[in-house]
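Student: Need the 3D shape of this:
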Amino acid sequence: MKSIAVLLLSFFSLTGTAQVETEIAPPYNIKTVSFVQNSQNVVPIFRLGEQFEFQFDDLFGNEADYYYEITHCDYNWIPTDIPKSEYLKGFDGQKIQEYVNSFNTLQTFTHYKLSIPNNYTKILLSGNYVLTILNSDKEVVLKRYFIFYEDLVSVPLKIKRPRTVKNIYSKHNLEFEIKTGDQMLFQNPMQNLKVVLLQNGKFNTAIKNVPPQYTVSNNFIYKYDQETQFWAGNEFLNFDSKDIKNANNYVSFINSDNDIYNTHLYTNNDKSSFPYTNFSDINGNFSVRKLDGENNIIESDYSWVYFSLSAPLANPSSSIYVVGMFNNYSTTPEYKMDFNQKNGLYEKAILIKQGFTNYQYLTLNSKGIIDQENAIDGNFYQTENDYTILVYYKGSADRYEKVIGRGTANSLNITN
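Tutor: Numbering: from 1, shown residues only. Okay, the predicted model is just below:
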């Protein structure tokens, strides 16, 4: 009995200290971190069995050794107790083999590329995963989320105008179903069936823990009034530096006073009090490219991009950040804007690889929580956003949560 008590105490001690895996932003020398598929930067959600690449630049340019580890997690990003031999064919902990140095750039760098699957590693199970990059001293350099899903259920999704009058012009409401047909019979679906709702692939604003509202036959219906609403936001801002030596529509002027190029953008204004303006964006993404370059990856240079924002109505106790997929919407000090008392502008210089880049201004309140309701650029139902639903299921006898379906829709097709 004493031995059993000790074992039980050890078990509850271990489960009680289970740590949630969080994404870790890289140090200042690691830039342009991205998941790539078909030569394009993508939101890291892949069908099980698909191939992708994980790429980044090291501005030290010294061909350092980097290693990778892959961790399987549950719905809440807590590592599971499944042995790696069950979710990996082969093994991780390997050195990243593919790297190449920059060519003909003022800012030297080494570009690294990790392909999954590769000769050493193949992922066997759907679910949440954390990719960890380590240096030669096995210190963590960065961590990023990615997800594999299976097509076991269909998830039709519609974007609707909110039914709440207060937010009818500023939010998007997601209505969707989980259709299982006759191929799956869920056990206790109110507890074992879970969903994640994403706007433009951003994990930091995901909506979770929403149970089915009701069921019809083998279909699970989600038609909530408030629980599945996102603030609509506004179209992303952008600049194009593919011709890094010359200004364009959104670039005021270029110089190279500090041995690399400096890209000075025109000042942006707080758009929350302006009418919605329709212009195209790529929903936060970016594309590395160089005018007349043969190899964009290693020939595209870096420049200091100078952002400035006029936001006289911004809450002085809030913090404003420049974010996008180019920095994984990071709110580290590297991307926090400083208020210039002399000119009354928020300002920040960020080192960014040349190409076409979407960005937005993100506000954090005094508690460090994203304040989407009072977004610098406002919230307009006309905004074009990509939405994704991921469906998780873990049966009573299952050892892990599968991602059994994915639904997508765009708010261009919004209905009342």
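Student: so residue 149 makes contact with residue 404?
Tutor: Yes: between residue 149 and residue 404 there is a contact under C-beta atoms under 8 Å: 7.3 Å. C-beta: built from backbone N, CA, C; applies to glycine.
Student: any residues in contact with both of these two?
Tutor: residue 126 (C-beta atoms under 8 Å, 6 or more residues apart in numbering).
Student: correct me, but residue 247 touches residue 253?
Tutor: Yes: in terms of C-beta under 8 Å, residue 247 counts as a neighbour of residue 253; the distance is 5.5 Å.
Student: between the two, who's got more neighbours?
Tutor: residue 247 (15 against 12; other C-beta atoms under 10 Å).
Student: Against residue 324, how distant is that one?
Tutor: 21 Å (C-beta to C-beta, to the nearest Å).
Student: Show me where the stretch 51-200 of the chain has its strands.
Tutor: 52-58, 67-73, 88-90, 94-95, 98-101, 110-116, 121-123, 127-134, 140-149, 157-160, 171-179, 193-199 (DSSP state E, counting those that start in this stretch).
Student: I'd like those as TSV, with mean neighbour count appended.
Tutor: Below are these laid out as TSV (neighbours: other C-beta atoms under 10 Å):
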stretch	mean neighbour count
strand 52-58	21
strand 67-73	19
strand 88-90	15
strand 94-95	14
strand 98-101	15
strand 110-116	19
strand 121-123	19
strand 127-134	21
strand 140-149	19
strand 157-160	18
strand 171-179	22
strand 193-199	21
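Student: Nearest to residue 209, out of the ones you listed?
Tutor: strand 193-199 (7.2 Å; C-beta to C-beta).
Student: who touches the helix or strand just after the closest one?
Tutor: Using DSSP states H and E, the helix or strand that follows strand 193-199 in sequence is strand 207-208. By C-beta under 8 Å, 6+ apart, the surrounding residues in contact with strand 207-208 are 75, 194-197, 227-228, 230.
Student: now stretch 294-302
Tutor: By C-beta under 8 Å, 6+ apart, stretch 294-302 touches 31, 55, 59, 100-107, 109, 111, 244, 260-261, 288-290, 293, 351-355.
Student: And the strands in the stretch 251-400 of the chain, which stretches?
Tutor: Under DSSP E, counting those that start in this stretch, the stretch 251-400 of the chain gives strands at 251-255, 261-265, 268-269, 286-288, 302-310, 319-323, 338-340, 345-353, 355-364, 386-393.
Student: Of the ones you listed, which is nearest residue 127?
Tutor: strand 386-393 (8.1 Å).
Student: And that closest one, how far out from the chain middle?
Tutor: 14 Å (C-alpha atoms, centre = their mean, to the nearest Å).
Student: can you tell me the average pLDDT over that strand?
Tutor: When pLDDT is averaged along strand 386-393, the result is 97.
Student: On the C-terminal side of it, identify the next helix or strand.
Tutor: Next along from strand 386-393, by DSSP H and E: strand 402-410.
Student: Tell me where the model's unsure across the protein.
Tutor: Scanning the chain for pLDDT under 70 picks out 1-17, 183.
Student: thinking again about what came up before, buried among the contacts of stretch 294-302? Make that a ChimeraX selection.
Tutor: A single ChimeraX command selects the buried members of the contacts of stretch 294-302 (16 or more other C-beta atoms under 10 Å):
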select :31,55,59,102,105,107,109,111,244,261,288,289,290,293,351,352,353,354,355
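Student: got the contact list for the nearest residue to residue 69 once chain neighbours are set aside?
Tutor: In space, and not counting its chain neighbours, residue 69 is closest to residue 132: 4.4 Å by C-beta to C-beta, 6 or more residues apart in numbering. With contact taken as C-beta under 8 Å, 6+ apart, residue 132 is in contact with 68-71, 140, 142-143.
Student: redo that, cut-off 10 Å
Tutor: Contact partners of residue 132, counting by C-beta atoms under 10 Å, 6 or more residues apart in numbering, are 21, 24, 67-71, 92, 140-144.
Student: How about residue 76?
Tutor: By C-beta under 10 Å, 6+ apart, the residues touching residue 76 are 18, 20-21, 128, 194, 208-209, 401.
Student: any idea how far residue 127 is from it?
Tutor: The value you get for residue 76 to residue 127, if C-beta to C-beta is used, is 12 Å.
Student: same check, this time on residue 48
Tutor: Distance from residue 48 to residue 127, by C-beta to C-beta: 9 Å.
Student: next one: residue 62
Tutor: In terms of C-beta to C-beta, residue 62 sits 36 Å off from residue 127.
Student: for residue 51, same thing?
Tutor: 18 Å.
Student: Pull the number of nearby residues for residue 234.
Tutor: With other C-beta under 10 Å as criterion, residue 234 counts 22.
Student: Spatially nearest residue to it (excluding sequence neighbours)?
Tutor: residue 377 (3.9 Å).
Student: List the residues that contact that neighbour.
Tutor: 233-237, 268-272, 274, 309, 311, 360-363, 383.
Student: now do residue 25
Tutor: Contacts of residue 25 (C-beta under 10 Å, 6+ apart): 33, 142-144, 327-328, 330-332, 334-335.
Student: and residue 347, bridged to which residues?
Tutor: With DSSP bridges as the criterion, residue 347 is bridged to residue 308, residue 338.
Student: got a list of what it touches?
Tutor: 267, 306-309, 337-340.
Student: For ChimeraX, what selects the buried ones among these?
Tutor: Buried members of the contacts of residue 347, defined by 16+ other C-beta under 10 Å, are picked up in ChimeraX with:
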select :306,307,308,309,337
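Student: quick check, nearest of the contacts of residue 347 to residue 122?
Tutor: Nearest to residue 122 among those, with distances taken as C-beta to C-beta, is residue 307, at 41.4 Å.
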